[in-house]
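Novice: Need coordinates for the following:
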Amino acid sequence: MALRLSSLNETYVNKHLPVDGQQPCRCLSSRGPPSVEETAKGESEVERGPPKLRSAIPIEVLELIFSYLSKTELIPVLQSNKSLHSAAIRVLYRELSAESPASSIKLIHRVLDKPLVHRYIRSVDLNVSSVDTLTGNYYRLLRRFLQRLPGLTTLILDLPKSNSPVWIFAGCTFLLRTFSTSMQCSADLARFLDSQPNIQNLTLRGFQTDSFQTVAQFGIDIASNPSALFAPRRNFRDFVLQPGSLPRLANFNAIHAGPPVVATVARGRPVSVASVPLFSPGALESLDALSGGSVPLRRLTVISFDPAAPSFIFEEVAKRFPSLEALHIVILLAEFNSDLLLAACPHLERLKHLKYITCVATSSDEAPLSEEQEIAETWHKHCPSLQTIILPRGKVWFQAPAASPRKGKGWACFDDEDDS
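Specialist: Residues are numbered from 1 along each chain as shown. Model (predicted):
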């Protein structure tokens, strides 16, 4: 597709334009493909361009076609025709991302210099967490950038752990649908969330203490002192949402949040998809906090750092969330053996709507394939709605036609042949 678009000739382009007796606009390609910055310099002229040069193809269709191209592949499209440029420029600036402070500064300056593209920007993803801290000038620049994006619907901000500059949202007029941030859960962040009634997907993944210095040390710190996660850097009671805020919240990811934050966000809101961490000794408190939503939970992901989790996780989840359709359990500081997995059968009987279950855990001994197959078949007997099962060995088990028609369907995994 990129090759066809980049080699559009004059005849092909202008057959979709009205015939008005004027000389058609020719596509100049002898210079070779320019940079994105060069092609975007003239968007003001393109927007005003000759009123009679209009494509017969709806601009929404052109945008859909161009959305399959990379930013590099869009460059020749931007140069081929004014009408195509008008559609391609929307796609070029629709989603912006940067993975370092330096690249984010360049991106922000480039966008600020092009006021006409501000209304096209829908998604911004900035990851500047690789440094210990950022200057006030950086955050002032970021605030000026966000203030000029009225159509923004997705905002992902990974900031240094020591920074929670909620004031950068002052004066912003956008209404987000997806918001993910590493900022601390504070009263200021709560007030910002109160002002965003359209948020459907919310991720709060900031470290709540200084216990964790690097990702490599994450598991070690929790293993030596699991309760340290909830030693508050700030008073979590300050993080209070108004009863009517976040009325559309459906998906909540609490990556490093404890029970107080989970309870504040989930209480009385239509959260049907959630991901929560479990830490000893507050594992059950986190599950209780999540059960305060206004609608039944349909999909749950649990990441447990509680060494005792294998002995209670199925029972406690089944008691609180009987309407689950998908359950994903990740155990990081304990092992699942076959006896514990088979002991989950009575609890799975409560989950009448469960279709997908994942149970991943560290293990020193790999169970034989036949043993995992037996577990899958036994689980299905107690929970007939199950369609897909992933067990600690990592294999995906599903129902497949049995060799004998009389036996009906049996359980198999994708690499049966490789293990036989």
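Novice: Which residue ranges of this structure form strands?
Specialist: For the chain, the strands defined by DSSP state E occupy 95-98, 123-127, 154-158, 178-181, 201-204, 251-254, 273-278, 299-304, 326-331, 356-361, 388-390, 396-401, 409-413.
Novice: and among these, the most buried is which?
Specialist: Of all the strands of the chain, strand 273-278 carries the top mean neighbour count, a mean of 22, counting by mean count of other Cβ atoms under 10 Å. Heads up, the C-betas are built off the backbone N, CA and C, glycines and all.
Novice: helices or strands next to that one in the packing?
Specialist: Other elements packing on strand 273-278 under the criterion 3 or more Cβ pairs under 8 Å, 6 or more residues apart in numbering; DSSP states H and E are strand 251-254, helix 283-290, strand 299-304.
Novice: Asp339: which of the strands of the chain is closest?
Specialist: Closest to Asp339 of these is strand 356-361 (Cβ to Cβ; 13.5 Å).
Novice: Run through who's touching the closest one.
Specialist: If you take Cβ atoms under 8 Å, 6 or more residues apart in numbering as the criterion, strand 356-361 is touched by 310, 325-332, 334-336, 341, 348, 379, 386-392, 394.
Novice: quick one, helices of the stretch 201-350 of the chain?
Specialist: Applying DSSP state H, counting those that start in this stretch to the stretch 201-350 of the chain gives helices spanning 218-224, 259-266, 283-290, 313-320, 338-342, 345-348.
Novice: how about TSV for these, with distance to Leu204, mean neighbour count and mean pLDDT added?
Specialist: Listed next are the helices of the stretch 201-350 of the chain as TSV, based on distance: least, Cβ to Cβ, whole Å; neighbours: other Cβ atoms under 10 Å; pLDDT from 0 to 100:
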stretch	distance to Leu204	mean neighbour count	mean pLDDT
helix 218-224	17	14	42
helix 259-266	6	22	93
helix 283-290	13	21	91
helix 313-320	21	19	95
helix 338-342	31	15	90
helix 345-348	29	16	94
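Novice: follow-up on the earlier one: for the helices and strands packed on strand 273-278, give me a markdown table that also has distance to Thr358.
Specialist: Shown next, in a markdown table, are the helices and strands packed on strand 273-278 (distance: least, Cβ to Cβ, whole Å):
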| stretch | distance to Thr358 |
| --- | --- |
| strand 251-254 | 16 |
| helix 283-290 | 17 |
| strand 299-304 | 8 |
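Novice: in the stretch 101-250 of the chain, which ranges drop under the pLDDT threshold?
Specialist: Along the stretch 101-250 of the chain, the model assigns pLDDT under 70 to residues 206-237.
Novice: Same question for the stretch 251-400 of the chain.
Specialist: Residue ranges of the stretch 251-400 of the chain with pLDDT under 70: 363-367.
Novice: just to revisit the earlier point, of all the strands of the chain, which one is nearest His109?
Specialist: The nearest among these, by Cβ to Cβ, is strand 95-98 at 11.4 Å.
Novice: elements contacting that closest one?
Specialist: Using 3+ Cβ pairs under 8 Å, 6+ apart: strand 95-98 touches helix 101-112, strand 123-127.
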